[in-house]
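>>> Got a predicted model here, sequence first, then my questions.
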Amino acid sequence: MVYEGNPLASSKAYFWRVKSWDNHGEESDWETAFFETTMFSSSEWKARFITMEDENAGANSAGTVMRKEFTLTKDIKRARLYASAKGMYEAYCNGEKTGDQVLAPGWTEYRSRLLFQAYDVTSLLVKGENALGLMVGPGWYKGDLAGWLGKRNVFGKRTAVIAQLRVEYTDGTTELVVTDESWTGAAAPVTYAELYHGENYDARLEQPGWKKPEFAAQWKQVLIESADTGILQPEDGLPVKECEFFNPRAFFTTPDGDRVLDFGQNISGWVRFKVRGKAGDRVRIRHAETLDAAGNFYTENLRKAKQIIEYTLKGGEAELFSPHFTFQGFRYIAIDEYPGSIKPENFEAVAIYSDMHPLGMFTCSHSKLTQFVSNVRWSMKDNFVDIPTDCPQRDERLGWTGDAEIFARSAGYLMETVPFFRKWLRDLAVSQLDDGQVPHVVPDVLGDVAGHDKKITGNSGACAWADAAVIIPWMVYVYFGDKTVLEDQYASMKKWVEYIHSVAQDGVLFNTGFHFGDWVALDAKEGSYFGATPNDLSATAYYAYSTELLAKSARVLGKEADAQNYVQLRRDIGEAYAREFFTPNGRLAARTQTAYILSLYFGLTPETYRKRTVDTLIELIAEQDNHLTTGFLGTPYICRVLADNGHLDLAYELLLKEDFPSWLYQITQGATTIWEHWDGLKPDGTMWSAEMNSFNHYAYGAVCDWVFSAVGGLDTDQERPGFARSIIKPRPGEGVSWAETKYESVYGLLSVRWETGNGNITVSITVPHNTTSFVILPGAEQGVINEVNFVKVEGGACAELGSGSYSFSYPFGR
């Protein structure tokens with residue numbers, strides 16, 4: 001719901017109330033809630049960025065701490081702390097950490113946008129003496145990035161923090177406490193912190209009481225890093241938090257002698273441990289996703305990333321530690337040093353991810369398929385740590401646009417992603433080149449970062465990757481009904497399509513520039529990651545798709561002239577595609593699975609050629625003993641294309657295969673997340689090349705949207721998005737005897753469960769209030785079923801249902 005009331009003031013709480021009526025005349029009581037505004041303008045900042053580092057600190061990876069004491073002389077009504085950093089920070093008020101967010105302020109295109117957080121610190125302050133403390137580390141701002149390229153200091157060479165405490169007294173007056181030259185600082189116990197490499201923490205360097213009033217140590221005066229607050233913007237995404245916790249499943253010693261704990265789940269996060277010993281004793285922990293064929297600790301796929309935590313004890317009582325400015329991708333830890341005996345109960349794995357609300361749940365009779373959906377969800381959580389990354393463990397962890405684009409639809413089923421994608425898409429828009437090209441990664445750390453020269457095009461403009469600018473906003477709109485995302489991103493969407501139009505042959509064939517193509521497809525040449533599908537075909541297919549979605553977006557936003565223009569452009573692209581890639585007899589020029597999948601899924605196959613195209617796709621799959629050879633571009637759509645063209649049985653066969661290459665092969669190998677390669681761990685126990693072999697890569701999990709919509713039978717109507725009108729159309733297939741899908745829509749719980757047996761099927765449905773559902777019962781005949789009149793359609797019988805719960809049983813044969 002969009003606020004349409006009077007203009008709002010900054011830093012103010014507003015109360016609102018709501019009641020409801022139903023069609024039976026019942027009326028609810030009023031329910032009251034409130035929201036609070038933040039600072040709207042950079043001019044409201046009276047604080048300045050402060051630092052303990054000079055301009056030559058680019059190579060320094062240590063943390064620093066800064067503090068200030070102050071006196072509050074009146075009774076406190078309300079207090080808010082606004083804070084951010086060039087780096088990664090934690091804020092403390094009178095000894096207590098403010099909020100439960102980690103890795104603040106998150107990662108944005110810092111050259112244009114630096115987000116600040118707001119904390120309610122009312123309960124932490126007292127009338128009288130108080131203290132604020134800030135600790136900052138390198139983070140994404142100045143630390144190592146894109147490790148294989150050796151990037152560092154991408155956004156700056158020294159860390160800095162900014163904070164502004166606004167105290168509102170009971171007498172209506174306010175007081176500000178801000179970061180300025182009156183603050184003092186020192187070195188932090190965090191002696192080293194890098195996102196890829198881990199953290200060193202020396203507890204002997206802790207200065208007790210530094211976060212509290214009446215701290216006596218003589219610290220140095222801080223430096224003013226900048227008084228420019230123009231890039232500061234209110235946080236517009238989701239905070240990263242500690243979300244789930246795991247106890248060790250096993251403790252063992254490997255053949256190589258490593259002492260290893262297995263937490264049973266591959267996660268992004270860290271280990272919290274308890275330890276007791278004398279001052280100077282150390283804990284040293286390494287992290288890994290998997291073991292090798294011999295059962296040894298395997299870290300070669302981390303490349304240059306070290307993922308090591310080192311903690312030096314201060315001695316005395318038991319000490320509890322978890323890192324501050326790093327995170328790891330891992331399931332296993334190797335404990336190299338630890339004083340005393342290792343007790344598994346002293347270790348806990350902490351999974352961190354953006355604070356997304358879970359939405360869709362899928363279970364079925366096939367346990368491995370249920371596990372597959374769980375693996376997809378975990379790879380999503382592990383890679384949705386403030387931005388959508390490719391992987392959480394090696395020296396990369398970047399916001400690859402292609403991965404996010406192909407997964408956006410599945411993401412909408414699994415978690416509530418509107419604020420997550422809204423934030424990231426805004427960074428995509430500000431990093432877009434002047435000519436409309438979109439960087440391969442967002443935030444853009446692969447281009448000419450020193451001057452951020454938007455004329456450089458070598459790291460941008462690839463089909464499917466750059467199409468994230470159009471496809472993701474559309475998918476967010478379709479699955480959540482939030483038109484504001486389209487409004488925010490429309491200029492960026494249009495800019496990308498217009499760029500292609502400007503460089504395409506005759507404005508319709510996109511056959512220029514660099515493209516990843518069908519990345520890591522199995523039909524790639526030996527030693528190559530580039531699949532065999534021609535780039536000009538893939539690029540033109542995606543050009544057509546983005547143009548189609550742009551036309552639809554324009555229509556949603558009431559931009560009718562644009563809509564008509566792009567409808568015509570899409571028609572022209574389609575005709576050019578048919579002339580270029582189909583022979584007069586209907587043979588597609590490129591004989592790869594992905595070429596046929598894209599041509600069918602994107603509606604680029606002339607109707608007269610459809611049967612031949614489908615038949616040839618079936619032949620291509622049969623040539624591989626009914627296995628897929630697809631990469632990033634073909635994999636998300638293969639099951640949907642087969643099912644929609646009369647081959648549901650083959651779609652199920654591919655989905656449920658357990659030998660290589662298949663989605664469930666990974667499950668048979670003990671995976672708890674999705675792998676980067678179909679055979680990251682080969683049947684003989686050997687690994688794919690360590691050069692690029694992540695075991696936590698959600699891209700191939702993009703088929704999950706078909707699992708929900710076809711196997712589960714639940715989708716939304718694009719004409720009434722956000723499940724205002726759901727489409728319930730289960731498509732049972734061989735190997736699955738029942739499936740249940742639940743989805744927490746903005747209207748309430750939407751669910752469908754089907755089960756076959758004894759020649760019958762039962763379909764049970766729940767439709768939430770204020771919505772309708774278009775229901776197609778598979779294999780049903782026209783007539784009345786449980787007092788509902790169904791009309792015969794292809795594949796079954798349909799009816800439009802209002803809110804309520806329903807159950808339908810009838811004869812069914814596959």
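On my side now, so go ahead.

>>> quick one: what helix or strand has residue 404 in it?
Using DSSP states H and E, the element containing residue 404 is helix 401-414.

>>> any idea how far that helix is from the chain center?
Centroid displacement of helix 401-414 relative to its chain, using C-alpha atoms, centre = their mean, to the nearest Å, is 8 Å.

>>> and what of stretch 428-439?
20 Å.

>>> in the stretch 701-814 of the chain, which spans are helices?
For the stretch 701-814 of the chain, applying DSSP state H, counting those that start in this stretch gives helices covering 704-706.

>>> could you show me where the strands are in it, in order?
For the stretch 701-814 of the chain, the strands defined by DSSP state E, counting those that start in this stretch cover 714-716, 725-728, 738-745, 748-757, 760-767, 772-778, 783-785, 788-793, 796-801, 804-811.

>>> State the pLDDT value of residue 455.
At residue 455, the predicted lDDT confidence score is 37.

>>> How about residue 683?
Listed pLDDT for residue 683 reads 86.

>>> what's around it, how many residues?
Using other C-beta atoms under 10 Å, residue 683 has 11 neighbouring residues. In this view, the C-beta of every residue, glycine as well, is placed from N, C-alpha and C.

>>> Now for it: which residues touch it?
Listed by C-beta atoms under 8 Å, 6 or more residues apart in numbering, the contact partners of residue 683 are residue 660.

>>> follow-up on the earlier one: now tabulate the strands of the stretch 701-814 of the chain in TSV and tack on mean neighbour count, mean pLDDT and distance to residue 290.
Shown next, in TSV, are the strands of the stretch 701-814 of the chain (neighbours: other C-beta atoms under 10 Å; pLDDT from 0 to 100; distance: least, C-beta to C-beta, whole Å):
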stretch	mean neighbour count	mean pLDDT	distance to residue 290
strand 714-716	24	98	34
strand 725-728	22	98	39
strand 738-745	21	98	30
strand 748-757	19	97	35
strand 760-767	20	98	40
strand 772-778	21	98	40
strand 783-785	13	94	50
strand 788-793	14	96	48
strand 796-801	18	97	44
strand 804-811	14	97	44
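
>>> how about the ones you listed, which one is nearest residue 95?
Minimum separation from residue 95 across these (C-beta to C-beta) falls at strand 738-745, 38.3 Å.

>>> Note down every partner strand of the closest one and its orientation.
According to DSSP bridges, strand 738-745 has the following sheet partners: strand 360-364 (antiparallel), strand 748-757 (antiparallel).

>>> what about the last one, distance to the chain center?
When distances are taken as C-alpha atoms, centre = their mean, strand 748-757 is centred 27 Å away from the chain's centroid.

>>> now what about that strand, what contacts it?
Residues outside strand 748-757 that contact it (C-beta under 8 Å, 6+ apart): 712-714, 723, 726, 728, 730, 732, 737-744, 761-769, 771, 773, 778, 812.

>>> Remind me what the lengthiest strand in the chain packs against, helices and strands.
Assignment by DSSP state E gives strand 259-275 as the longest strand of the chain. Under the contact definition 3 or more C-beta pairs under 8 Å, 6 or more residues apart in numbering; DSSP states H and E, strand 259-275 sits against strand 240-246, strand 250-253, strand 282-288, strand 308-312, strand 319-321, strand 328-337, strand 347-354, helix 367-383.

>>> Buried residues in that strand, which are they?
For strand 259-275, burial by neighbour count (16 or more other C-beta atoms under 10 Å) applies to 259-263, 265-273, 275.

>>> that older thread, which one of the strands paired with strand 738-745 lies nearest to residue 695?
strand 360-364 (22.2 Å).

>>> With just CA atoms, put that closest one into PDB.
Output of strand 360-364 as PDB, limited to C-alpha atoms (Å, rounded to 0.1, in the frame of the first residue of the first chain):
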ATOM      1  CA  GLY A 360       6.500 -20.500  -0.100                       C
ATOM      2  CA  MET A 361       6.800 -24.100   1.200                       C
ATOM      3  CA  PHE A 362       6.800 -27.200  -0.900                       C
ATOM      4  CA  THR A 363       6.800 -30.800   0.200                       C
ATOM      5  CA  CYS A 364       5.900 -34.000  -1.800                       C
END
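
>>> Grab the nearest non-local neighbour of the residue nearest the centre of the chain.
Geometric centre of the chain, nearest residue: residue 384, 3.0 Å, by C-alpha atoms, centre = their mean. Excluding the flanking residues, the one nearest residue 384 by C-beta to C-beta, 6 or more residues apart in numbering is residue 354, at 5.1 Å.

>>> Identify the residues contacting the one you found.
Contacts of residue 354 (C-beta under 8 Å, 6+ apart): 237-240, 384-386, 420.

>>> okay but residue 478 is in contact with residue 721, surely?
Yes: the criterion here is C-beta atoms under 8 Å, and residue 478 meets it with residue 721 at 4.8 Å.

>>> of the two, who's got more company?
Applying other C-beta under 10 Å to residue 478 and residue 721 shows that residue 478 carries more neighbours, namely 22 against 19.

>>> my read is the more buried one is in a helix, agree?
Yes: membership of residue 478 in a helix is supported by DSSP: H, G, I helix; E, B strand; the rest coil.

>>> Which parts of this protein are helices?
In the chain, the helices defined using DSSP state H lie at 139-142, 367-383, 401-414, 418-431, 468-480, 483-503, 535-556, 560-581, 593-601, 610-623, 638-644, 648-656, 665-668, 704-706.

>>> so which of the ones you listed gets nearest residue 682?
Closest among those, using C-beta to C-beta: helix 665-668, at 10.0 Å.

>>> Would you mind writing the CA trace of that closest one as PDB?
Output in PDB follows, covering the C-alpha atoms of helix 665-668 (Å, rounded to 0.1, in the frame of the first residue of the first chain):
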ATOM      1  CA  TYR A 665      22.400 -36.000  -8.500                       C
ATOM      2  CA  GLN A 666      23.700 -33.500  -6.000                       C
ATOM      3  CA  ILE A 667      21.200 -34.700  -3.400                       C
ATOM      4  CA  THR A 668      22.600 -38.300  -3.800                       C
END
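
>>> for the buried residues of strand 259-275, which one is nearest residue 329?
For the buried residues of strand 259-275, the nearest to residue 329 is residue 268 (5.4 Å; C-beta to C-beta).

>>> Distance check, the closest one against residue 244.
Distance from residue 268 to residue 244, counting by C-beta to C-beta, to the nearest Å: 11 Å.

>>> before we move on, what about residue 806?
Counting by C-beta to C-beta, the gap from residue 806 to residue 244 is 35 Å.

>>> cool, residue 431 as well?
Applying C-beta to C-beta, the value for residue 431 to residue 244 is 32 Å.

>>> list the contacts for residue 38?
10-11, 82, 118, 234-235.

>>> can you pull the contacts of residue 713?
Residues near residue 713 by C-beta under 8 Å, 6+ apart: 728-731, 739, 741, 752, 754, 763.

>>> The same query, at a cut-off of 7 Å, please.
The contact partners of residue 713, taken as C-beta atoms under 7 Å, 6 or more residues apart in numbering, are 728-731, 741, 752, 754.

>>> which one of these sits closest to residue 594?
For the contacts of residue 713, the residue nearest residue 594 by C-beta to C-beta is residue 731; the value is 23.1 Å.

>>> Wait, that closest one touches residue 651, no?
No: using C-beta atoms under 7 Å, residue 731 is not in contact with residue 651, being 8.6 Å away.

>>> got any residues that touch both of the two?
Common neighbours of residue 731 and residue 651, using C-beta under 7 Å, 6+ apart, are residue 643.

>>> ok, the contacts of residue 354 vs residue 57, which is closest?
Comparing the contacts of residue 354 against residue 57 with C-beta to C-beta places residue 386 closest, at 24.3 Å.

>>> the inter-axis angle of the helix holding residue 404 versus helix 535-556?
50 degrees (axes from the mean of the first three to the mean of the last three C-alpha atoms, to 10 degrees).
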